[in-house]
Each structure stands twice: as structure tokens, then as C-alpha cells.
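Colleague: What would the 3D arrangement of this be:
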Amino acid sequence: MAYGSLIKLARIPVVLTSTLLALTNDLPMPLTEETGIASIYAYTGELTANGEWALPWALTAAHRTLPFGTLVRVIDDISDRAVVVRINDRGPFIDGRIIDLTPAGAAALGFDGLTHVTLEVLGKAS
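Modeller: Numbering: from 1, shown residues only. Got it, this is the predicted structure:
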């Protein structure tokens, strides 16, 4: 499936992200922060490192060290938009990048390549 098709699929649940974006102000203060470059996760119908299917419309992400199930508020430092994602995979494996977002996560932030972000670790999903 082409990347453009994935973005079209990702738009369906993005309607729900407005609710998630509104709720981010009600979440607890971050436990830790990290800044760096975010990229879009390349999906090829594989399983993630924690055994879930890689779903382009899910608000999940890959991080090198955070435990699976960790909730992370990702803030685009350019647009100041934010989205909360759950870590379910490992990566990115390119120097300088700190998180790989699904197409849905990238769409919620409004970018389609790379962007500079701040990560706020909120805790574990229940």
C-alpha cells in the first residue's frame, strides 16, 4: 500500500484526535522530557517489537528505550500541536531521531516528513 493511501486511511480516526488533543491538558505533568527529531514510521504490515500489528491509523510510536505501554505527549515545536501516543515498538534507528510516529500521529501534528518535537513522558497506559 502506498504511503499516500496510508495517510488517507489515517484521516478516518484523526477526527478522534481532536478529542485527544483537547484531553492532553488534563493529563498529569510529564515525568521526563526529551527533544529531537520525529519521523513517520514506515509500515509494511509487520508486527511491532511488542507483538502488536503495525497499524498506520493507531496513535502508537517507536522509541529506543521507553517501556512498552508508556504514554508520551509529543509536541511539535514548530506548530505547537500535540498528540498522545503509546509506545509499542523500538526505533528509530537513524542517528538524531528520537521517535517514529504512525501516519495518524504525524497527521495529528500536521507534518509529513520530519519535525522537531518535545516528548513528555506521562506514565504507563492502564
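Colleague: If we ignore the residues flanking it in sequence, what's nearest the residue nearest to the spatial centre of the chain?
Modeller: Taking C-alpha atoms, centre = their mean, the centroid of the chain lies closest to residue 101, which sits 3.6 Å from it. Residue nearest to residue 101 in three dimensions, not counting chain neighbours: residue 61, with 5.1 Å by C-beta to C-beta, 6 or more residues apart in numbering. Every C-beta, even on glycine, is put in place using the N, C-alpha and C of the backbone.
Colleague: what does stretch 63-72 contact?
Modeller: 27, 49-50, 61, 84-93, 98-100, 119-125 (C-beta atoms under 8 Å, 6 or more residues apart in numbering).
Colleague: Helix or strand next in line after the helix or strand bottoming out on mean pLDDT in the chain, which one?
Modeller: Lowest on mean pLDDT, DSSP states H and E among the helices and strands of the chain sits helix 3-23, with a mean of 41. Later in the chain than helix 3-23, the nearest helix or strand by DSSP states H and E is strand 32-40.
Colleague: what are the pairing partners of that following strand, and which direction each?
Modeller: Partners of strand 32-40 in the sheet, by DSSP bridges, are strand 97-101 (parallel), strand 114-124 (antiparallel).
Colleague: What's opposite residue 70 in the beta bridge?
Modeller: residue 124.
Colleague: Tell me the bridge partners for the residue nearest to the centre of the chain.
Modeller: The residues that residue 101 bridges to, once DSSP bridges is applied, are residue 40, residue 61.
Colleague: next one: residue 85
Modeller: residue 72.
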